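this is a predicted model, with the sequence first.
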There are 2 protein chains.
Amino acid sequence: MYKLLLTTATIGALATTALAQSAADTAKARRAFFSLIGYEMGTLGAMAQGKMDYDAEAASAAATDMVALTKYTMSDLFAPGTSTEDVSGETRALPAIWEDMSGFQAKGEDFTAALMELNAVAGDGLDALRPAVGKLGGTCKACHDDYRAKSF
Amino acid sequence: MYKLLLTTATIGALATTALAQSAADTAKARRAFFSLIGYEMGTLGAMAQGKMDYDAEAASAAATDMVALTKYTMSDLFAPGTSTEDVSGETRALPAIWEDMSGFQAKGEDFTAALMELNAVAGDGLDALRPAVGKLGGTCKACHDDYRAKSF
């Protein structure tokens, strides 16, 4: 997901790299990343739900920006030692992420695939946007259900 | 800066688009963006200052990630009505940004240019990295000096 690529080798490298940043800093940066994803999703969701008038340009821009964010390599944001057990109050990322990295990455790949579908149709009208946003939102929820704590 | 492109026309469009998100949400997303920039800069700065061992791969990854973030279109994050005068406590973005958008964009272009230089040499050793990080940091400071409040 998002070029996550957490193989055993990269996890070893991360354990070194992560020394530059505290676990709390890493958790904060991770939350920042998802804040940006959520911000763009907020625009798309508002359109899909009729809370904001559909605007082809704005919908396309939001989808394109989410795609741009997937080019950001997230592996350092998921450095070991940054779960709810390590930096309580700073993250909702459950230890399950690191215990089941392949499952977590699969959820991320689902997100990326749904995002690409959305990006392809975002400018094609509300009837095209709505199901694509719903599908994308479903991939967000699927990951949150398994890997994110309900609260801080 | 970062594909900011705030022409009069796009500002008009933003005034409409921004309705989907509150000024506070926009300020929060903007801070999230700069948190990510700062996170990557933190790694590079630590190496440049000798606080972290130089690592060609990690330095290149941090620079590449900053480049990836410049592909994110920031114009919606700088929607009018989101300065320190509008959402006090949520942002340090001074009204000067919107009063002098061309000057602000020029600072952003300086940042992007310095980042591209850094990205080209990040993996070439500490002696190559250090001045490039210094130059990039200078462009950060130049913008902060003019357009960012000292505190919340």
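Looks like it arrived, so ask away.

make it CA atoms for all contacts and neighbour counts henceforth
Will do.

show me the contacts for the residue of chain A found nearest chain B.
As assessed by C-alpha to the nearest C-alpha, chain B sits closest to A:A32 within chain A, at 4.3 Å. Listed by C-alpha atoms under 8 Å, 6 or more residues apart in numbering or on different chains, the contact set of A:A32 reads B:A29, B:R31, B:A32, B:F33, B:S35, B:L36.

identify the farthest-apart pair in the residues you listed.
B:A29 and B:L36 (10.8 Å; C-alpha to C-alpha).

quick one on the thing from earlier: now render the contacts of A:A32 as CSV, adding pLDDT and secondary structure.
CSV is the format used below for those (pLDDT from 0 to 100; DSSP: H, G, I helix; E, B strand; the rest coil):
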residue, pLDDT, secondary structure
B:A29, 97, helix
B:R31, 97, helix
B:A32, 97, helix
B:F33, 97, helix
B:S35, 97, helix
B:L36, 97, helix
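
quick check: residues of chain A near chain B?
Neighbours of chain B within chain A, by C-alpha under 8 Å from any C-alpha of the partner chain: A:17, A:19-21, A:25-26, A:28-29, A:31-33, A:35-36, A:39, A:42-43, A:46, A:51-52, A:58, A:61, A:65, A:68-69, A:71-73.

which among those residues end up buried?
Neighbour-count burial within these applies to A:17, A:20-21, A:25-26, A:28-29, A:31-33, A:35-36, A:39, A:42-43, A:46, A:52, A:58, A:61, A:65, A:68-69, A:71-73; the criterion is 16 or more other C-alpha atoms under 10 Å in any protein chain shown.

does the residue positioned nearest the centre of chain A count as helix, strand or coil?
Nearest residue to the geometric centre of chain A (C-alpha atoms, centre = their mean): A:F34, 5.4 Å. Three-state call for A:F34 (DSSP: H, G, I helix; E, B strand; the rest coil): helix.

model confidence score at it, please.
Per-residue pLDDT puts A:F34 at 97.

one more: the one 3 residues further on?
pLDDT, the model's per-residue confidence, is 97 for A:I37.

name the element the nearest residue to it once chain neighbours are set aside belongs to?
In space, and not counting its chain neighbours, A:I37 is closest to A:M66: 6.1 Å by C-alpha to C-alpha, 6 or more residues apart in numbering or on different chains. Assigned by DSSP states H and E, A:M66 belongs to helix A:56-70.

tell me what that helix is packed against?
Using 3 or more C-alpha pairs under 8 Å, 6 or more residues apart in numbering or on different chains; DSSP states H and E as the contact criterion, the elements in contact with helix A:56-70 are helix A:23-48, helix A:101-121, helix B:56-70.

between those helices, which one is closest to A:F152.
Per C-alpha to C-alpha, nearest to A:F152 of these: helix A:23-48, 11.8 Å.

tell me the angle the closest one makes with helix A:101-121.
Angle of helix A:23-48 versus helix A:101-121, following axes from the mean of the first three to the mean of the last three C-alpha atoms, to 10 degrees, is 40 degrees.

how far does helix A:23-48 sit from its chain's centre?
Distance of helix A:23-48 from the chain centroid (C-alpha atoms, centre = their mean, to the nearest Å) equals 7 Å.

and the angle from that helix to helix A:56-70?
Using the same axes, to 10 degrees: helix A:23-48 against helix A:56-70 is 160 degrees.

low-confidence ranges in chain A?
Chain A contains residues with pLDDT under 70 at A:1-20.

go again using 90 as the cut-off
A:1-21, A:74-76, A:88 (pLDDT under 90).

the residue nearest to A:I37 reaches A:S35, doesn't it?
No. A:M66 lies out of contact with A:S35 (C-alpha atoms under 8 Å); the separation is 11.2 Å.

A:W98 and A:G81 touch, don't they?
No. The pair A:W98 and A:G81 fails to qualify as a contact (C-alpha under 8 Å) at a distance of 9.1 Å.

I'd say A:M116 and A:M66 touch.
No. Using C-alpha under 8 Å as the test, A:M116 is too far from A:M66 to be in contact (9.4 Å).

more neighbours: these two, which one.
Under the criterion of other C-alpha atoms under 10 Å in any protein chain shown, the comparison of A:M116 against A:M66 puts A:M66 first, with 23 against 17.

list the contacts for the more buried one?
With C-alpha under 8 Å, 6+ apart, A:M66 has these contacts: A:I37, A:E40, A:L115.

what about the second one, distance to B:F34?
Distance, A:E40 to B:F34, by C-alpha to C-alpha, to the nearest Å: 16 Å.

and for A:Y39?
14 Å.

what about A:A96, distance to B:F104?
Distance from A:A96 to B:F104, by C-alpha to C-alpha: 43 Å.
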